[in-house]
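Novice: Sequence and predicted structure, then a few things I'm wondering about:
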Amino acid sequence: MSYKIETENFLNDLEKVARVRSEVARCLGGMAETIKRAEAEGKQTSGELGLEREMEDITAASKNLRRGVFRLLVLGDMKRGKSTFLNALIGENLLPSDVNPCTALLTILRYGTEKKVTVYFNDGKSPKQTDFKSFKQDYTIDPAEAKKLEQEKRQAFPDVDCAVVEYPLSLLEKGVEIVDSPGLNDTEARNELSLGYINNCHAILFVLRASQPCTLGERRYLENYIKGRGLSVFFLINAWDQVRESLIDPDDEEELQAASHRLRQVFKANLAEYCLVDGQDIYDERVFEISAIKALRRRVKDASASLAGTGFQEFLGALNTFLTKERAISEFRQARTLARQTSARVREAIERRLPLLDQDVNELKQRISSVEPEFNKLANIRDQFKDEIRTVRDSKARAIADSFRTYVLNLGNSFETDFLRYQPELRLMEFFDAGKRQAFEKALGEAFERYVNDKFAEWSLTAQREMDAAFLGLSKSAANYGASYAQVTDKITEKLTGQKIAVGGSASGEDDSPGWARWAMGLISLASGNFAGVALAGAGFDWKNIVLNFLTVTSISMIAASFFGVMMGPLALGLLGLGMGVLQADQARKELVKALKKELVKHLPQVAQEQWQPINSAVQECFDAYEREVMNRVNDDISARKAELDNLLKQKESYEINRGAELQRLKKLEADVFSEARSVDTAYQEFLVSLS
């Protein structure tokens, strides 16, 4: 349930998260250093324990925690008050709210000790640092120029990737990073900038306006790019205070309540379906009526001013709950699992090592030889899982590529109905004027591009569900293979030491699976800020972005342009051939759609065939990346287990090992690593208590 919270309390809770992040990162870093020193010492004693992968993983997790942020993506049409909202959120009139949105620069706002702007380019040029005044002067355009660029389908700054604004603000210092996107009803090419960030953000803040409830463009974007994709979205209905100003009698409370009620019904009818999580209605925790300008005015005068009556208290309460009680807990739980797993792995290696210290070289060689069949079993388990991944890969790649082909070929069946809401107004008599005909053709081309983009986005959701199901299946298989693998490694330990050694870091047994299996199950992600689902995120590789990148408006717009360019010649002749007898607008629209459909159907088979292989290859690469990381981790584990035995044998062949000193060293290593893991667990538990 949502609750009210003032800005100061919100910042305090974010500070708690930042402190725990720092503490957990310190503990993991200390654990990595402890293991690193012990492995270096092992070279001079009984040999290394083969813990290189553990060191790499906890070092990566420590670094990512130190850099950790909550990344919020702000979306919305132009003129919705996004900049005013952001200024109110950060507590300073930093972003110019009068800048024309056709600058089309995606802006990332993050903490920095100095105020500066860095512009990053996409053509190989080095980043450019500038001040705020120069940034506004160099990278904004007036409305007339913006309109001209839009008509010519050109971008204002095609060489710019994004701008990073660094500023010493409290909210940013507490670990929040904000991505401010271009307006959604800007050109299709600019929407691509926003789409590329969707899966890499913790939450989306979708800004609407009370005076323009859910426009066609907003509904189109939500339907095609948000719905059903598992994204966390907060809807902010800005300028709610203007509802009163729109009344004939602003002092009539009864009229105000009635108008507000009607408006709420409109928004709920359009937004309710985006506020369902696992079948639970969380509309009240995701939709907020705010007045950004009122909140900004108060905060500019007094950073700690009460925001009562602006909607920000309610919004900040819900956002605070989401970030601290959901995202942060998930982040720290993963760190705790990794720490426990590392501690268990160290203890297991030490427990194997100690009984072997008393054995002479010949006996040790015999024991190592006796476990060779078990190492072969580990390799067989690895190969079986590899084969399954490849089988799923080939099957899904074909199925998804085939589904795309079928989908494209069937577009003609529903085109007449689907295209109705896209087509521009047709005044047939104006079509015989060359200038007006050119303007109409341009509008028709843009409408067709939107139609194609939306239809392909609709298909991509189907592909996403297919991929979700495939990786869920592989996750279950990883658990099964991991259990079999653990049984074999237990047998190896039993053969080497003559005794069974209990492993695992929890009573529930959740940490008993091998590290590679937990990664493959998607339970550990070493990537900072990515909660997209499967463990591919841990390798810095998110399969959802591969599918999304294929379907970005750049490639799809090329298909649309190719379609339309070829089709427009016959289409124009067909329209001219309608003659003076067809003057009714409805009949003209029907004839237009028929002519467009006729040409569309001619070219659908070509597009379906040409795009089959790129989609097949893109899907295969998702699974190939997964396979590479899983196999690398399995191979590292097998190699490490063999290496720890070879290292011990090599040391025994070289000189007599001081058993007493080595026993003391290894027990200290176990105790130190366990202590750091326990500190991570303590920090996690104390954080939970602080939120209750």
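Specialist: In hand now; what should we look at? Keep in mind that this is a model prediction, so the values were computed, not measured.
Novice: Quick check: phi and psi on Leu72?
Specialist: Main-chain torsions, Leu72, degrees, to the nearest 10: phi -110, psi 130.
Novice: just Lys43 next, same as before
Specialist: The phi and psi torsions at Lys43 (degrees, to the nearest 10) take the values phi -60, psi -20.
Novice: how about the helices in the stretch 401-550 of the chain?
Specialist: Using DSSP state H, counting those that start in this stretch, the helices of the stretch 401-550 of the chain run over residues 411-418, 434-497, 515-520, 543-550.
Novice: for this protein, what spans make up the strands?
Specialist: Taking DSSP state E as the criterion, the chain contains strands spanning 70-75, 107-111, 116-121, 128-130, 160-167, 176-180, 203-209, 233-238, 276-277, 280-281, 287-289.
Novice: Can I get the longest one as PDB, trimmed to CA atoms?
Specialist: What follows is strand 160-167 as a C-alpha-only set of coordinates in PDB (Å, rounded to 0.1, in the frame of the first residue of the first chain):
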ATOM      1  CA  VAL A 160      25.000  13.100 -30.700                       C
ATOM      2  CA  ASP A 161      24.300  10.000 -28.700                       C
ATOM      3  CA  CYS A 162      23.400  11.600 -25.400                       C
ATOM      4  CA  ALA A 163      24.300  14.200 -22.800                       C
ATOM      5  CA  VAL A 164      25.400  13.500 -19.300                       C
ATOM      6  CA  VAL A 165      24.700  16.200 -16.700                       C
ATOM      7  CA  GLU A 166      26.700  15.900 -13.500                       C
ATOM      8  CA  TYR A 167      25.500  17.900 -10.500                       C
END
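Novice: For stretch 680-687, give me every contacting residue.
Specialist: Contacts of stretch 680-687 with the rest of the structure, by CB atoms under 8 Å, 6 or more residues apart in numbering, involve 16-17, 20, 23-24, 27-28, 328-329, 332-333, 335-336, 339-340. Yep, even glycine has a C-beta here, placed from its N, CA and C like the rest.
Novice: what's the closest of these to Ala463?
Specialist: The shortest approach to Ala463 among the contacts of stretch 680-687 belongs to Arg333, at 30.0 Å (CB to CB).
Novice: How many neighbouring residues does the closest one have?
Specialist: 13 (other CB atoms under 10 Å).
Novice: need the contact list for it.
Specialist: With contact taken as CB under 8 Å, 6+ apart, Arg333 is in contact with Tyr684.
Novice: Give me the pLDDT value at it.
Specialist: As summarised for this prediction, Arg333 has a pLDDT of 91.
Novice: give me the low-pLDDT residue ranges for the protein?
Specialist: For the chain, applying pLDDT under 70 flags the ranges 1-3, 96-104, 141-154, 183-197, 199, 426-435, 437, 501-511, 523-589.
Novice: circling back: return the subset of the contacts of stretch 680-687 lying in helices.
Specialist: Secondary structure from DSSP state H places 16-17, 20, 23-24, 27-28, 329, 332-333, 335-336, 339-340 of the contacts of stretch 680-687 in helices.
Novice: Put the buried members of these into a ChimeraX selection.
Specialist: Paste this into ChimeraX to select the buried members of these, with burial taken from 16 or more other CB atoms under 10 Å:
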select :16,17,20,23,24,27,28,329,332,335,336,339,340
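Novice: Going by distance to Lys133, which of the ones in helices among the contacts of stretch 680-687 wins?
Specialist: The nearest member of these to Lys133, counting by CB to CB, is Val17 at 34.1 Å.
Novice: wait, isn't the closest one in contact with Asn320?
Specialist: No: with contacts defined as CB atoms under 8 Å, Val17 does not count as touching Asn320, sitting 10.0 Å away.
Novice: and the ones in helices among the contacts of stretch 680-687 as CSV, adding distance to Ile615?
Specialist: What follows is the ones in helices among the contacts of stretch 680-687, written out as CSV (distance: CB to CB, whole Å):
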residue, distance to Ile615
Lys16, 45
Val17, 40
Val20, 42
Glu23, 45
Val24, 41
Cys27, 44
Leu28, 40
Ile329, 37
Phe332, 38
Arg333, 36
Ala335, 37
Arg336, 39
Ala339, 40
Arg340, 41
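Novice: Report the two of the contacts of stretch 680-687 separated the most.
Specialist: Across the contacts of stretch 680-687, no pair lies farther apart than Lys16 and Arg340, at 22.4 Å, counting by CB to CB.
Novice: I'd like the strands of the chain laid out as JSON lines, including mean neighbour count and distance to Trp519.
Specialist: Below are the strands of the chain laid out as JSON lines (neighbours: other CB atoms under 10 Å; distance: least, CB to CB, whole Å):
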{"stretch": "strand 70-75", "mean neighbour count": "24", "distance to Trp519": "23"}
{"stretch": "strand 107-111", "mean neighbour count": "20", "distance to Trp519": "29"}
{"stretch": "strand 116-121", "mean neighbour count": "17", "distance to Trp519": "31"}
{"stretch": "strand 128-130", "mean neighbour count": "15", "distance to Trp519": "39"}
{"stretch": "strand 160-167", "mean neighbour count": "20", "distance to Trp519": "31"}
{"stretch": "strand 176-180", "mean neighbour count": "23", "distance to Trp519": "26"}
{"stretch": "strand 203-209", "mean neighbour count": "23", "distance to Trp519": "25"}
{"stretch": "strand 233-238", "mean neighbour count": "23", "distance to Trp519": "29"}
{"stretch": "strand 276-277", "mean neighbour count": "12", "distance to Trp519": "26"}
{"stretch": "strand 280-281", "mean neighbour count": "10", "distance to Trp519": "30"}
{"stretch": "strand 287-289", "mean neighbour count": "23", "distance to Trp519": "37"}
